[in-house]
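A.B. asks: what's the 3D shape of this:
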Amino acid sequence: MKRVARVPLQLSESLHRRLSAYALAASAAGVGVLALAQPADARIIYRPDKIEVAQPSCVFLNPAEEATAPFCFVADFTAPTSSLWGDRVTAGLVTSKAGFVIAGHRSAAALKRGAVVGPKDQFQNSGYGSLATSGPFFGGTSKHHRGGFQFGQPAYLGISFAINGRTHYGWAMITIHREKYSTGYYLWGVIKGYAYETIPNKPIVAGKTTGPDVVIVQPATLGHLAAGASAIPAWRKAGGSK
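C.D. replies: Numbering: from 1, shown residues only. Take a look at the predicted model:
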């Protein structure tokens, strides 16, 4: 896998500032005008897309093609030469009503296929949370110990966000990968498909991609633009990860 240069891990305050900047940039881009029309009788919109999260720049997830993407995924790292190396993949919340199902403080829950995502779940609704971490910077071992996602095992992130001020529920299938280097490990993520329920406040089943109530929207250039074109890693053009 071709890698970009690593940078020191940013503190939480810095990440909050970055998320605010990304929200403003996404709004200014006016990507909402590129949104694809949705069928009037749709219930679940499913996109079998592939989005790679492998650098400390924001990779947006915008399930409903809104003017501002509600989610920002980041893979950030300490300097590889540091004895206190640490890696993490985080989900950031850009818009005020965005959220994800939590497993603990600033820790995202890894849901199984078939789990119901809805108003009965506990959501984090501000800042960011870890999908997975590694390294002594996060607690003294080389193993994953924060965030519910196990390395190499696909799981579902339950999400919520607002459309016209009303809450909608959805999911994203994510796999966190872990790769050895000289003093520690790299972590990166792959989002492979996501969906949301078009009826406000209605629960959705994680991983449901077929049925009379499912509309499949194939990924296209417009979808990536609406997700934040500036966030697409440059190394994807050279082949990306598998």
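A.B. asks: now do the strands in this structure.
C.D. replies: 44-53, 59-61, 71-77, 87-93, 99-104, 107-108, 116-117, 123-124, 128-134, 155-163, 166-180, 185-197, 204-205, 214-216 (DSSP state E).
A.B. asks: which of these sits closest to G148?
C.D. replies: Closest approach to G148 among those (C-beta to C-beta): strand 99-104, 4.1 Å. Where C-beta positions appear, they are placed from N, C-alpha and C, glycine not excepted.
A.B. asks: what strands flank that closest one, and is each parallel or antiparallel?
C.D. replies: strand 107-108 (antiparallel), strand 123-124 (antiparallel), strand 155-163 (antiparallel) (DSSP bridges).
A.B. asks: pull up the distance across stretch 74-92, start to finish.
C.D. replies: From its first residue to its last, stretch 74-92 covers 8 Å (C-alpha to C-alpha, to the nearest Å).
A.B. asks: show me what the mean pLDDT comes to for that stretch.
C.D. replies: For stretch 74-92, mean pLDDT is 79.
A.B. asks: in it, what's buried?
C.D. replies: 74-78, 82, 85-92 (16 or more other C-beta atoms under 10 Å).
A.B. asks: for R146, find the nearest of the strands of the chain.
C.D. replies: Comparing the strands of the chain by C-beta to C-beta, strand 128-134 comes nearest, at 4.3 Å.
A.B. asks: in a markdown table, list the strands paired with strand 99-104 along with mean neighbour count, mean pLDDT and distance to G147.
C.D. replies: Putting the strands paired with strand 99-104 into a markdown table (neighbours: other C-beta atoms under 10 Å; pLDDT from 0 to 100; distance: least, C-beta to C-beta, whole Å) gives the following:
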| stretch | mean neighbour count | mean pLDDT | distance to G147 |
| --- | --- | --- | --- |
| strand 107-108 | 24 | 90 | 5 |
| strand 123-124 | 20 | 96 | 12 |
| strand 155-163 | 24 | 97 | 10 |
